[in-house]
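Chemist: Give me the fold of what follows.
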Amino acid sequence: MSNGKRYSNEPKLNYKKVFAVIIAIIVIIMAIIAIKNILTKAKNTSPVELLNYFALYQDEKWGILGSNGEIIIEPMYQEMIIVVDKTKDVFLCTYDIDEETGTYQTKAINSKNEDLWTNYEKIEALENYDASGNVWYEKNVLKVQKDGKWGLIDLNGNEILETSYDDITTLKGLENSLIIQKDGMLGLVNDKGTKIIDTNYSQILNLGEEYQNGYITVNSENRYGVVSFSGETILENQYEKIDNIYSDKYFVIQENGKQQLIDRQGNKILTENFDEIKQIANAGIIFTRQNQYGLMDFEGNVIIEPTYQNLEEINNDIFAANRDGKVGVMDKDQNEKIAFNYQTITYNKKAGIYVADDENYTSSLLDSNFEIKLRGILSEMNTDAGYMKLNIDNEDKYYNFRFEERTTQDLFTSHTLYLSKQNEKYGFVDSKGNLVVDYIYDDATEQNDYGYAAVKKDGLWGAINKNGETVIEPYYNLDENLVIDFIGKWHLGLDLNMNYYCDK
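Modeler: Residues are numbered from 1 along each chain as shown. As a prediction, this is how the structure comes out:
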């Protein structure tokens, strides 16, 4: 007797479950493909596709230019429009300026020329500059005024510091360090609006060259102290002066006009046998005596006699020294590492490379063993992308930090065109080396991040786009411009600090 179907020994497929499993597998595969496409697209997205913004100057008026070469805001403003962050659709305008009274109006607008955050009386950028005078703006924050008091907002319009201060300025030379003022006293906040130092001081000064090093504070009695970036008091305000010489262990103070070296607990380490402390090095202090530089350890023993015109620690226990008008490199035992044949010698810590420049501006690049690996005119050291550009025998060449030569195709994978030279003329090829733009130009630049390259013919500059098509025939004489760059038909202005594009 045969069994009924329910008890059959032959396995039977549950088609509903099979179909459900198949559908689930298909959905998973589709999801994986979709995710892969998204990641691939993100990975291969060229900067050319990302819209950035720049100030535009035309017919003595100011507007906004997009990195696609199109005018975003027609030039209509009398004063330069400030682009705080070129990736953000937020621009600052100044108008109704009365030079006699010193009054003016400000506002923020977007790419549609619409006013933003109209509940504030004024909206301003926080301008800063370094020791060389190069200007920049704090990218993530704006100062705003309401009822005559100042506060901070981010670039989305969120208030991050209440409008209760008499003024807000930058601590010059340091990023992420904003001075707040109330009732004649100063404090400090960071770019997030977080208070680091209360408004208890008459001055707040740099300590070193980075905000992470902390700050020198001066109280109403003109006594100096030190506060860390986290707001911790390192030295109480009890010193006549604290000099801007950074070390994580020691500080240079003054008593009766004379420098002394103390530790973080206030203990005196060195008080005599020097005229001036110039730098706190790994092995001791670099000091001067009768205008000559030397090195003394933290017990006061002289390691390097003060016989040099200049002395600076550029790497741990490695010193650049000036002797008879020439610069060389030595260790603390005065063993010569780089001959005294140069005008300047610096050490790039990120790249791990010594750069020695002679009087003809030719650079010798040396590795950590002080071996010369390359010679040429160094025009770029890009520590973010990990390459350097040198002109060697009138030809631009690229190298990584292992001194291996690299092609532009290796380095700029998102570019569509690559500069090529043949018979003293310049053209452009694609990533496979196929000729796209013929060798007809006297000079040219590599394609920039926005897909444009500058080309020169008969002494004049023009531009091509990412497809090699002419955007503007060579037209501009840019002999006075330090940097040649185009976005569409617009070229970078003469004043690099202003970072604007124009057509004149």
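Chemist: List the buried residues in whichever helix or strand I204 is part of.
Modeler: Element membership for I204 (DSSP states H and E) is strand 203-206. Residues I204, L205, N206 are the ones in strand 203-206 that count as buried (16 or more other Cβ atoms under 10 Å). (Each C-beta comes from the backbone N, C-alpha and C, glycine too.)
Chemist: The second one: what's its closest spatial neighbour, skipping adjacent residues?
Modeler: The shortest distance from L205 to any residue that is not its chain neighbour, by Cβ to Cβ, 6 or more residues apart in numbering, is 4.1 Å, and that residue is I216.
Chemist: And for L56?
Modeler: Using Cβ to Cβ, 6+ apart, the closest residue to L56 is L65 (3.9 Å).
Chemist: hang on, the one you found packs against Y53?
Modeler: Yes - the criterion here is Cβ atoms under 8 Å, and L65 meets it with Y53 at 7.2 Å.
Chemist: for the chain, which spans come out with low pLDDT?
Modeler: Applying pLDDT under 70 to the chain flags the ranges 1-49.
Chemist: So which residue is smack in the middle of it?
Modeler: W136 (9.2 Å; Cα atoms, centre = their mean).
Chemist: List of residues touching the helix or strand harbouring it?
Modeler: Secondary structure assignment for W136, by DSSP H and E: strand 135-137. Here strand 135-137 makes contact (Cβ atoms under 8 Å, 6 or more residues apart in numbering) with I82, V84, D85, A125, L126, E127, N128, Y129, D130, E175, N497, M498.
Chemist: re earlier: I'd like the secondary structure assignment at the residue nearest to L56, please.
Modeler: Reduced to three states with DSSP: H, G, I helix; E, B strand; the rest coil, the structure at L65 is strand.
Chemist: F486 versus that one, what's the distance?
Modeler: 11 Å (Cβ to Cβ, to the nearest Å).
Chemist: Secondary structure element for the closest residue to L460 other than its chain neighbours, which one?
Modeler: Taking Cβ to Cβ, 6+ apart, and ignoring the residues beside it in sequence, L460 has P474 as its nearest neighbour in space, at 4.0 Å. Using DSSP H and E, P474 maps to strand 470-476.
Chemist: Same check on Y57?
Modeler: Going by DSSP H and E, Y57 is part of strand 53-58.
Chemist: Identify the spatial nearest neighbour of F401, chain neighbours not counted.
Modeler: A351 (4.7 Å).
Chemist: Check which helices and strands the strand holding I204 sits against.
Modeler: strand 185-189, strand 215-218 (3 or more Cβ pairs under 8 Å, 6 or more residues apart in numbering; DSSP states H and E).
Chemist: deepest of those, which one?
Modeler: Burial of the helices and strands packed on strand 203-206 is given as mean neighbour count (mean count of other Cβ atoms under 10 Å); strand 215-218 ranks first at a mean of 24.
Chemist: what lines up beside the next helix-or-strand element following it in the sheet?
Modeler: Past strand 215-218, further along toward the C-terminus, the next helix or strand under DSSP H and E is strand 224-227. Strand 224-227 has its sheet partners listed here by DSSP bridges as strand 215-218 (antiparallel), strand 233-239 (antiparallel).
Chemist: Quick check: the residue nearest to L205 touching G208?
Modeler: No - with contact defined as Cβ under 8 Å, I216 does not count as touching G208 (9.8 Å).
Chemist: Using a markdown table, lay out the helices and strands packed on strand 203-206 together with distance to D263.
Modeler: Compiled in a markdown table, the helices and strands packed on strand 203-206 are given as follows (distance: least, Cβ to Cβ, whole Å):
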| stretch | distance to D263 |
| --- | --- |
| strand 185-189 | 24 |
| strand 215-218 | 16 |
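Chemist: Which residue is the nearest non-sequential neighbour of C502?
Modeler: Y57 is the one closest to C502 (Cβ to Cβ, 6+ apart), at 4.2 Å.
Chemist: ok, now which ones touch that neighbour?
Modeler: By Cβ under 8 Å, 6+ apart, the neighbours of Y57 are P75, M80, G493, Y500, Y501, C502, K504.
Chemist: Report the beta-bridge partners for it.
Modeler: Here Y57, judged by DSSP bridges, has bridge partners W62, C502.
Chemist: Just the buried residues of stretch 275-284, please?
Modeler: Buried residues in stretch 275-284, counted by 16+ other Cβ under 10 Å: I277, K278, Q279, I280, A281, A283, G284.
Chemist: Can you give the distance of that stretch from its chain's centre?
Modeler: In terms of Cα atoms, centre = their mean, to the nearest Å, the centre of stretch 275-284 is set 28 Å apart from its chain centre.
Chemist: Find the nearest non-adjacent residue to Y77, please.
Modeler: Leaving out its chain neighbours, Y77 is closest to W62 (Cβ to Cβ, 6+ apart), at 4.5 Å.
Chemist: let me redo that: T346
Modeler: V355 (5.2 Å).
Chemist: who does that neighbour bridge with?
Modeler: According to DSSP bridges, beta-bridge pairing links V355 with T346, L365.
Chemist: Let's have the strands paired with strand 224-227 in a markdown table, adding distance to D183.
Modeler: Output for these, formatted as a markdown table (distance: least, Cβ to Cβ, whole Å):
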| stretch | distance to D183 |
| --- | --- |
| strand 215-218 | 16 |
| strand 233-239 | 18 |
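Chemist: Do me a favour and get the end-to-end distance for stretch 82-98?
Modeler: Distance between the two ends of stretch 82-98: 19 Å, counting by Cα to Cα, to the nearest Å.
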